[in-house]
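> pasted the sequence and its predicted model underneath.
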Amino acid sequence: MEHTAQDPHERPFFAPSGKGGLASWIFSTDHKRIGLLYLGLIMLMFSVAVVLGLLLRLKLMTPGNTLLTPQQYNAIFTLHGVIMVFMVVIPSIPASFGNIFLPLHIGANDVSFPRLNNFSWWLYVTGLVLALVSIFTGNGPPDTGWTFYVPFSEHTTTNVSIAVIAVFVLGFSSILTGLNFITTVHRLRTPGMTWRKLPLFVWSLYATGWIQVLATPILGITALLIFSERVLHLGLFDPGRGGDPLLYQHLFWIYSHPAVYIMILPAMGVISEIIPVFSRKPVFGYNMIAFSSLAIAFAGSLVWAHHMFTSGMSDNAVLLFSFLTFVVAIPSAIKVFNWLSTMYKGSISLDPPLLFSLGFILMFSIGGLTGLVLGSAGTDIHVHDTYFVVAHFHYVIFGGTGLGMFAAMHYWFPKVFGRMYDHTRAFWSFWIILLGMNVLYFPMFVMGLQGMPRRYYDYLPQYAPLQMVSTWGSWILAVGLILMFHNLYRGCRYGPVATKNPWGGATLEWTLPTPLPAEAFYGDPVAPEPYDYKGVNPDG
Amino acid sequence: MVAPRLVNVVQAVDNTFLLIFGLSALLLLGITVAMIWFVIRYSRKNNPTPATFSGNFWAELIWILAPTLLVMGMFYSGWHSYRALRDAPPGAMQVKVLAHMWAWDFEYANGRHSPELVVPVGVPVGLSVTSSDVLHGFFAPAFRIKIDAVPGMTNHAWFRADKAGEYVIFCSVYCGVGHAKMLSAIKAVSQEEFDRFMAGKPAASKPDGRAIAEAQGCLGCHSLDGSVIVGPSFKGLFGTKSLAKDGAPVDRAFVAALLHDPAARLGKATMMPAYPALTAADREALVNFLESLGVKPGSAGQGTAGGGRP
């Protein structure tokens, strides 16, 4: 054993070779180690932001000045948003599982630019540190909301300047990851891996990469402009200096709307992998799913101003952006129908990864359908900036991307860690999380329709009962999350040793030893049909 | 027969809500039932041998066409109701709305100012909305209207109250520490009552410092009980050393200069907005109010911090 353990094709990628130690991780150019580094930090930041969210819900359980001062409340919802959006959800699946499995899916031993990949991670760490600095220095943590709307963000005395620099740096981390993925998909596919043989996860990351590369620079520019406004008083956005606040909103959403597709597309890719594997049936409408990823990436870049229907922009702009918003709903609907069609007449085994994926479909459908209310001009006016919007994006991003991420964790867990978690506990954690999410967020739809504005630390008594229910939901959700992470941690430490292909996947990573070896392929592997399960069976 | 211009806007918007929610509920039900049914009917036990097809031209065509038709219908309905929200009937009564941190000011054609929007029942009201500091949002849920108050820009909305009553106004765009307290009301009253309101003297003719401090949103940052919200508490403030760079005491001249241009007077960046529109009488009343809190701090325990507005 000792002898073969030194063979990089046998030795697990996380086992030390030579010196080992911290430096062999943080300076690693191995895509698998970098993916795991990302996963660890992302989950750490996720936990921090969840705690902040629980604190917000606890304050909102009852009306009045309780628990938090208004200023503390404003700082906490800002931090919750900034951390969740820029440090958790945007890097989530691409930076962790994308890094680990995109090269393996196409038969490559690493990404095109491994050192750049390590640099991306360092930029991510730098962004985290800067964000921490902004919390503890100056006149306190930013209180602008994650949107940094001007002129408020120019005038507030809190530490917005450093926070936007953090966002700028995090943006570059995202751009470089996207660039790396695009290049890798173009250049490093194993011979025979034609574009129509790419796993759909790769297609979704490829589409995501283009959004990262094309849209994120706008975020960088916008962050720098806020910084310049605050420090140099340029007068671009401040009407007092002849600037235009709506210009800021356009710049911000030109990135931040496509950003929601950076968040959701990789999760859709994960779901497109999991459903056929557990249905033992080729994915239905491969071309359409792959094409709809590109269509979402393209059309999603043209709908940003639907965040601005009440801003005072022209009615013609409202007409156009409302129309385009409905257009972008179509490829998402196509994906959902194709996933269902994949299950039709399959041979379905309801294992934890599939369960989380079906949870994704349910929650994403609710989030997507309520998005139609927001895309429709007349109804958006009423629910814009209310709890309805808060509910909508938590259904899409937490119910969608979050459950997609959890599905990915349960799907690839045995392959990455070489051990298996407890299935019964995974089932329980799923149902508790699903229940918690719905009790937490569904009342927000109702409150939003009743007019409850977002970002209020206090509210009228008429909203008190539903606010209370929503807070109960946050506790149920917390229990589910703790159970799930505990189960995964236990599995990782003490779980039974996993086999090579426990689910019967046909993509290339399942041909590799478990846990993943440091060096994946000997030469160029033969490109498989990614969704042909003839002769591929789950172990055992 | 009601003229087409006077369509019930609330009804038009709600019809769009019903259309989208109705279709969405059907779709969601279909998706969920299909998921559950497939998991049971095609479980590995019930269907050990999976089918092998990977597509179907007609099904895929329907997957494209069905959602396209549905969303285009929703788009049209949404646009239709949006038009109703935007097209104010000609001859609507015009009110200027000024939002500032953290209060509303409504100015009528005859120059009358009010912190609440009093309107006659059945009369269309056109609003010209702007802000003097940061973004705010005028949101009256009962009338389904919402429009941002943007400094340097005037935005428009209109509504018609068909029933007498009091309807809440929220600030919908986050604007800082007083955002959740930036509430007001639309009071729909009979024409006679409205005429009396319009003929009445402006509220500030007998300036009451405390009322001004509340109406101008001062109390969002400055408490009356000694607790610190954002700025220093008003309690016992008058006569003490100010936070200005030059360390000047809080006196009449200081407060006047501060209200005119806070950053200039303090000599450093501040969250406090300027109040250049405050009349001399109002400023006088405000300073008197501060003085009354400063001289005898023990007697100033009235009221609670920040909140307390109905």
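Yep, it's here.
> going forward, measure contacts and count neighbours with C-alpha atoms only.
OK.
> looking at chain A, what residue ends up closest to chain B?
Nearest to chain B, among the residues of chain A, is residue A:378, at 3.9 Å (C-alpha to the nearest C-alpha).
> residue contacts, that residue?
Contact analysis of residue A:378 by C-alpha atoms under 8 Å, 6 or more residues apart in numbering or on different chains lists B:13, B:16, B:78, B:79, B:80, B:81, B:82, B:83, B:85.
> ditto for residue A:446
Residue A:446 is in contact with residue A:388, counting by C-alpha under 8 Å, 6+ apart.
> report the secondary structure state of it.
When classified by DSSP: H, G, I helix; E, B strand; the rest coil, residue A:446 comes out as helix.
> picking up where we left off before, so is the residue of chain A closest to chain B in a helix, a strand, or just coil?
helix.
> in which helix or strand does the nearest residue to it once chain neighbours are set aside reside?
With sequence-adjacent residues excluded and distances taken as C-alpha to C-alpha, 6 or more residues apart in numbering or on different chains, residue A:378 is closest to residue B:82, at 3.9 Å. Using DSSP states H and E, residue B:82 falls within helix B:57-86.
> one more: residue B:196?
Assigned by DSSP H and E, residue B:196 falls in helix B:191-199.
> quick one: mean pLDDT over that helix.
For helix B:191-199, mean pLDDT rounds to 92.
> with stretch B:272-290 instead?
Across stretch B:272-290, pLDDT averages out at 79.
> let me know the pLDDT of residue A:164.
Note for residue A:164: predicted pLDDT of 93.
> what does residue B:118 give?
So residue B:118 comes in at 95 (pLDDT).
> next one: phi and psi at it?
phi -90, psi 130 (degrees, to the nearest 10).
> now do the contacts for it.
Residue B:118 is in contact with B:186, B:187, B:188, B:189, B:194, B:197, counting by C-alpha under 8 Å, 6+ apart.
> cool, and residue A:468?
By C-alpha under 8 Å, 6+ apart, the contact set of residue A:468 is A:60, A:61, A:62.
> wait, residue A:106 touches residue A:187, no?
No. Taking contacts as C-alpha atoms under 8 Å, residue A:106 lies outside contact range of residue A:187: 10.1 Å.
> so between those two, which is more surrounded?
Between residue A:106 and residue A:187, counting by other C-alpha atoms under 10 Å in any protein chain shown, residue A:106 is the more crowded of the two (29 against 12).
> which parts of stretch A:44-57 are buried?
Neighbour counts over stretch A:44-57 (16 or more other C-alpha atoms under 10 Å in any protein chain shown) mark A:45, A:46, A:47, A:48, A:49, A:50, A:52, A:53, A:54, A:55, A:56, A:57 as buried.
> from the residues you listed, which is closest to residue B:208?
The shortest approach to residue B:208 among the buried residues of stretch A:44-57 belongs to residue A:56, at 36.6 Å (C-alpha to C-alpha).
> neighbouring contacts of stretch A:491-499?
With C-alpha under 8 Å, 6+ apart as the criterion, stretch A:491-499 contacts A:414, A:415, A:417, A:418, A:419, A:420, A:421, A:422, A:514, A:515, A:539.
> roughly how far apart are residue B:27 and residue A:439?
21 Å (C-alpha to C-alpha, to the nearest Å).
> scratch that, residue A:169
36 Å.
> and for residue A:524?
50 Å.
> more neighbours, those two?
Ranked by neighbour count (other C-alpha under 10 Å), residue A:524 and residue A:439 place residue A:439 first, with 21 against 15.
> in contact with the residue in chain B positioned nearest to chain A, which residues?
Minimum separation of chain B from chain A (C-alpha to the nearest C-alpha) falls at residue B:82, amounting to 3.9 Å. By C-alpha under 8 Å, 6+ apart, residue B:82 lies in contact with A:377, A:378, A:379, A:381, B:13.
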